[in-house]
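[1] Need coordinates for the below:
(chains A and B)
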Amino acid sequence: MPEPTDIRSGLVCVGLNYKTTPVEVRERLAFPEAQVPAAVEQVRGLPGFEESVVLSTCNRVELYATHALPSGKDGHAALRQYLIERFELQPEHAEALVLYNLDSAEAARHLFRVVSGLDSMVLGETEIFGQVKAAYKVALDTGTTSRSLNKLFQQAFTVGKKVRNETTIQRGSTSVGSVAVDLAEKVHDLKECRVMLVGAGEMSRTCAQSLLSRGAKSIIVSNRSYDKAVELATEMKGRAMKFDEWEHSLHEVDVIISSTSAPHFVIKPEQIDQVMRKRRWEPLLIIDIAVPRDVDPAVNNIEGVYLYDIDALQAIADEGRRERLRQLASCERIIEEQLEKYGFLKSPGSGGLKLA
Amino acid sequence: MPASQQLLLAATLIFVSALVQALLALKAGAWKQARAQFFLMALGFALQTGFIFLRGEEVRQCPIKSLPDILVFIAWSIVLLYFLVGPAFRLSLLGVFTSPLVTLMQVMAFLNGFAPYKPKGPINALVELHIALALISYAAFALACITGVMYLVQERMLKRHQIGGLFYQLPPIQGLAHAIQRLVRLGLLLLSIALGISFALHLPMTKTGHVVFAWIVWGLYAVISLLMWKHFTSPRKTAWLAVIGFILPFISLWIVTHA
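    Numbering: from 1, shown residues only, chains lettered A, B, ... in the order given. You can find the predicted model right below:
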């Protein structure tokens, strides 16, 4: 049995992501989920290759492999050629294909950054951790990993957890939709939360979907065009309501998302005052996404009412992004420490591999 | 310093360190429903229990007959209720808000000094139970007060759009409002039982200062509970009532033990 490849010298990663490649190219090079097991076997079957993992998401396609070829460049060339042949790229497309070619410590660093969400479009997002785990599991089940990649991916998952536990890279909301969810969660138990959409704009649809995906109990959609309300309510498994009726149901909901195109305030303090009495002061979150605004700002002065307009939501999302950026240096430091701990980087003066 | 007070001093230092640890974790944004916080609170509770046991040996009765002892007993009850209701109400930060009050009460106990005293007569289990239940009810009111502070902090951040570190750690304000109501009801129930026992003991109300004050406290919290139950006031006002209301039982302790 041949000696396993030294992970520090025989590891390569070839890939593309949302930074290097536009979506129209990425979608052509994406591996459908069902074809990933065959793909990992094909990569491992390339001459000189020993192990492989294929990571294919909407934002990236990456091939991780170990090989016994004379140099990393040979490994990169073989994987590039594999992608060109696998997706039958025309010569002009093949020539224009931009891939990152990483080996040894660079490849490990990249994997650690990916797992930690540092290479994601939304910095610090957690979904990628599960996606990498799933990709690794497919390779493990298919039998295309061995000691080297098993160890590398286990190390990557440990590093990912460490980064998330020791920093706040995943905390805070970075989009208007996630801010709406965070706010709703701090006002109510989301599982008991009833939502009303007044107006069916794209942004309010996004907020409502975010709330529903996190477990909101029910949704009512009211829109000037009743057909559109029905369409959206059906899509979200909610209830449509005629536009002249929504005011009568305000006291029944816990979150109001308003986005009408009215040129004046449609939700006024005197209305909400009555609503709060009927609600017996159960808290009410109002998200006003409309421009011009739908909700009179004086509504926020009523006890138990929490009003957020689009600027307030945007400011919170901006702060969330800034907070994550502030955490970036700490995350990178943890990754460098772990690379050194796992032997990818040698201490200065030891004469070994050292990547800046 | 007697062994009992050494234990209490250690407990106080543990509660201070729990607070410092929590504040540092919150400042660094690394608060994680803190196991460390839970451990420190548990350690502090064990040391408090040790103090009460040794102090009971010293005074040869349940140590709840002097102001310092009462303060420590209430502090102990607060931590006990924190362990009982904190997880049930998902009040993950309750410990952070509890430890300063517990520390304050124990420091006040130290400042008053632990003078020795002897049983005035044969120990009556019902009298001891009456006093212990009344003090545990005060602890429930103290926790309602702490939860009220948490509500007001979270409410203020939501109103002013101050979405920061503490905001993400505090529970939903609706949950906090419900927790205040339950704690007030729990306190009221315990105090009602304690006062019921006083009837069984035939304690003359007019000649027993602490029973009179207990009735005044009972009346106050009965009104607060009624206001909550019938939704006569908003949760914000209810939270203020729970916070300010605790001043009365706190003061009554001092008056009763010095009367």
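[2] near chain B, which residues of the stretch 251-356 of chain A?
    Neighbours of chain B within the stretch 251-356 of chain A, by Cβ under 8 Å from any Cβ of the partner chain: A:280-283, A:300, A:303-304, A:306, A:308, A:312, A:315-316, A:319, A:323. (C-beta placed from N, C-alpha, C; glycine too.)
[3] now do 7 Å
    Residues of the stretch 251-356 of chain A lying near chain B by Cβ under 7 Å from any Cβ of the partner chain: A:280-283, A:300, A:303-304, A:306, A:308, A:312, A:316.
[4] In strands only, show me these.
    Of these, the ones assigned to strands by DSSP state E are A:306, A:308.
[5] can you list the residues of chain B near chain A?
    Residues of chain B lying near chain A (Cβ under 7 Å from any Cβ): B:29-30, B:154, B:158-159, B:161, B:163, B:167-168, B:172-175, B:231, B:234-236.
[6] circling back to that earlier point, weed out the non-buried ones from the residues of the stretch 251-356 of chain A next to chain B.
    Buried subset of those (neighbour count, 16 or more other Cβ atoms under 10 Å in any protein chain shown): A:281-283, A:300, A:304, A:306, A:308, A:312, A:316.
[7] Any chance of those residues in a markdown table with pLDDT as columns?
    Putting these into a markdown table (pLDDT from 0 to 100) gives the following:
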| residue | pLDDT |
| --- | --- |
| A:Trp281 | 85 |
| A:Glu282 | 89 |
| A:Pro283 | 93 |
| A:Asn300 | 94 |
| A:Gly304 | 91 |
| A:Tyr306 | 95 |
| A:Tyr308 | 94 |
| A:Ala312 | 91 |
| A:Ile316 | 89 |
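[8] Could I get these in TSV, plus columns for distance to A:Tyr18?
    Listed next are those as TSV, based on distance: Cβ to Cβ, whole Å:
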residue	distance to A:Tyr18
A:Trp281	46
A:Glu282	43
A:Pro283	39
A:Asn300	38
A:Gly304	42
A:Tyr306	35
A:Tyr308	30
A:Ala312	29
A:Ile316	25
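[9] which one of those residues is nearest B:Val212?
    A:Trp281 (34.2 Å; Cβ to Cβ).
[10] where does the most centrally placed residue in chain B land in three-state SS?
    The centroid of chain B falls nearest to B:Ala139 when counting by Cα atoms, centre = their mean (2.9 Å). Here B:Ala139 takes the helix state, with states given by DSSP: H, G, I helix; E, B strand; the rest coil.
[11] Report the contact partners of the residue in the stretch 1-150 of chain A that chain B sits nearest to.
    Residue of the stretch 1-150 of chain A nearest chain B, by Cβ to the nearest Cβ: A:Gly124 (12.3 Å). A:Gly124 makes contacts with A:117, A:169-170, A:324, as judged by Cβ atoms under 7 Å, 6 or more residues apart in numbering or on different chains.
[12] Need the nearest residue in space to it, chain neighbours excluded.
    Excluding the flanking residues, the one nearest A:Gly124 by Cβ to Cβ, 6 or more residues apart in numbering or on different chains is A:Ile169, at 3.8 Å.
[13] Surely A:Glu215 touches A:Leu190?
    Rather than Glu, residue A:215 is Gly. Yes: counting by Cβ atoms under 7 Å, A:Leu190 is a contact partner of A:Gly215 at 5.0 Å.
[14] and the helix ranked longest in chain A, which residues are buried?
    Secondary structure of chain A per DSSP state H: the longest helix is helix A:310-341. Buried residues in helix A:310-341, counted by 16+ other Cβ under 10 Å: A:310, A:312-313, A:316-317, A:319-321, A:323-324, A:327, A:331-332, A:334-335, A:338-339.
[15] Could you do stretch A:261-270 as well?
    Applying 16+ other Cβ under 10 Å to stretch A:261-270 flags A:265-267, A:269 as buried.
[16] Next: stretch B:216-227.
    For stretch B:216-227, using 16+ other Cβ under 10 Å, the buried residues are B:217-218, B:220-221, B:224-225.
[17] mind giving me TSV with the residues you listed and columns for pLDDT?
    Below are the buried residues of stretch B:216-227 laid out as TSV (pLDDT from 0 to 100):
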residue	pLDDT
B:Val217	87
B:Trp218	89
B:Leu220	90
B:Tyr221	92
B:Ile224	90
B:Ser225	90
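[18] among these, which are in helices?
    Going by DSSP H, the helices hold B:217-218, B:220-221, B:224-225 from those.
[19] Kindly state the pLDDT recorded for whatever residue of the stretch 101-250 of chain A ends up closest to chain B?
    Nearest residue of the stretch 101-250 of chain A to chain B (Cβ to the nearest Cβ) works out as A:Thr168 at 3.8 Å. Looking at A:Thr168, its pLDDT is 82.
[20] residues near it, how many?
    Other residues near A:Thr168 come to 20 when the count uses other Cβ atoms under 10 Å in any protein chain shown.
[21] I'd guessed it sits against A:Leu328; true?
    No: using Cβ under 7 Å, A:Thr168 is not in contact with A:Leu328; the gap is 11.2 Å.
[22] element containing the residue lying closest to A:Gly238 once chain neighbours are set aside, please.
    In space, and not counting its chain neighbours, A:Gly238 is closest to A:Ile219: 3.4 Å by Cβ to Cβ, 6+ apart. Using DSSP states H and E, A:Ile219 maps to strand A:218-223.
[23] contacts for that strand?
    So strand A:218-223 is contacted by A:194-200, A:208, A:212, A:229, A:232-233, A:236, A:238-241, A:243, A:246, A:249, A:253 (Cβ under 7 Å, 6+ apart).
[24] repeat that with 6 Å
    By Cβ atoms under 6 Å, 6 or more residues apart in numbering or on different chains, the residues outside strand A:218-223 that reach it are A:194-200, A:208, A:229, A:232-233, A:236, A:238-241, A:243, A:246.
[25] ok, back up a step: quick one: list the elements packing against the longest helix of chain A.
    helix A:147-166, helix A:176-187 (3 or more Cβ pairs under 6 Å, 6 or more residues apart in numbering or on different chains; DSSP states H and E).
[26] do you know which of those lies nearest B:Val212?
    helix A:176-187 (41.8 Å).
[27] Neighbouring strands of the next helix or strand after the closest one in the sheet, and parallel or not?
    Next helix or strand after helix A:176-187 toward the C-terminus (DSSP H and E): strand A:194-198. Strand pairing for strand A:194-198, using DSSP bridges, gives strand A:218-223 (parallel), strand A:255-258 (parallel).
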